[in-house]
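>>> only the shape, not the letters, is given here:
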C-alpha cells in the first residue's frame, strides 16, 4: 500500500490538532480546580497560608499553582530569587516533613493583602529542622487570592 506525502501531512496535522485540544482541556481542567469567590478577609488569607503549607507537605504543586500568580517571585532564605515556575518545579523534590505555621497575621486593603508568620519545618522523624519567618504579598484576582511575592528569613536550625 502506498501512502502519499499529503496523507502523512494530513495525519501530522490531525495529531497536532488533537494534542493542542488535549492541552487546552487539561489546562482548563487544572484552572477549574482553583478556588473561586474567596472572601476578601484576613481570615481567608490565613486559611490560604495553612492550605499552602499543607500542599507543600503533600508535595502538591498543582494546589500551590492555584495560590501563586503568574508573576510570583520568592526571595528564599539564602537570598536567591525564584520565579513561579522554578518554585513549582522544586515542590516534588522537597524532603518529607511538615510545615507548622504560627504567629500568623494578615492585613487586607481593597484588592491587596499580606500575611506574616513563622513556619516551623519538621522532618519525617518529628525533629524540628528549621524555623522560617515569612511574608507573602497577595492580590485579589479572578475571585481568589494569588501570591505575588514571598520572602523568607531563616531564624536558625533547632533540635528537640
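In hand now; what should we look at? Keep in mind it's a predicted model, so treat the numbers as computed, not measured. Numbering: from 1, shown residues only.

>>> go ahead and list the helix or strand containing the residue nearest to the spatial centre of the chain.
The centroid of the chain falls nearest to residue 64 when counting by Cα atoms, centre = their mean (2.4 Å). Per DSSP states H and E, residue 64 falls inside helix 61-65.

>>> mind listing residues that contact the helix or strand just after that helix?
Note on helix 61-65: by DSSP H and E, the next helix or strand toward the C-terminus is strand 68-75. The contact list for strand 68-75 (Cβ atoms under 8 Å, 6 or more residues apart in numbering) reads 81-84, 87-88, 139, 141, 146-152. Every C-beta, even on glycine, is put in place using the N, C-alpha and C of the backbone.

>>> which is the next helix or strand following strand 68-75?
Counting by DSSP H and E, the next helix or strand C-terminal to strand 68-75 is strand 81-83.

>>> buried residues, that following strand. List them.
Neighbour-count burial for strand 81-83 flags residue 82 (criterion: 16 or more other Cβ atoms under 10 Å).

>>> just the helices in this structure please.
Counting by DSSP state H, the chain has helices at residues 5-32, 42-58, 61-65, 84-90.

>>> return the set of residues that bridge with residue 73.
Counting by DSSP bridges, residue 73 is bridged to residue 83, residue 149.

>>> ok, residue 128 to residue 119 distance?
Going from residue 128 to residue 119 by Cβ to Cβ, to the nearest Å gives 11 Å.

>>> who's more crowded, these two?
Comparing residue 128 with residue 119 by other Cβ atoms under 10 Å, the one with more neighbours is residue 119, at 23 against 15.

>>> grab the nearest non-local neighbour of that one.
Using Cβ to Cβ, 6 or more residues apart in numbering and skipping the chain neighbours, the partner closest in space to residue 119 is residue 132 (4.6 Å).

>>> in stretch 56-76, what's buried?
Those would be 56-57, 60-61, 63-69, 72-76, for stretch 56-76 by 16+ other Cβ under 10 Å.
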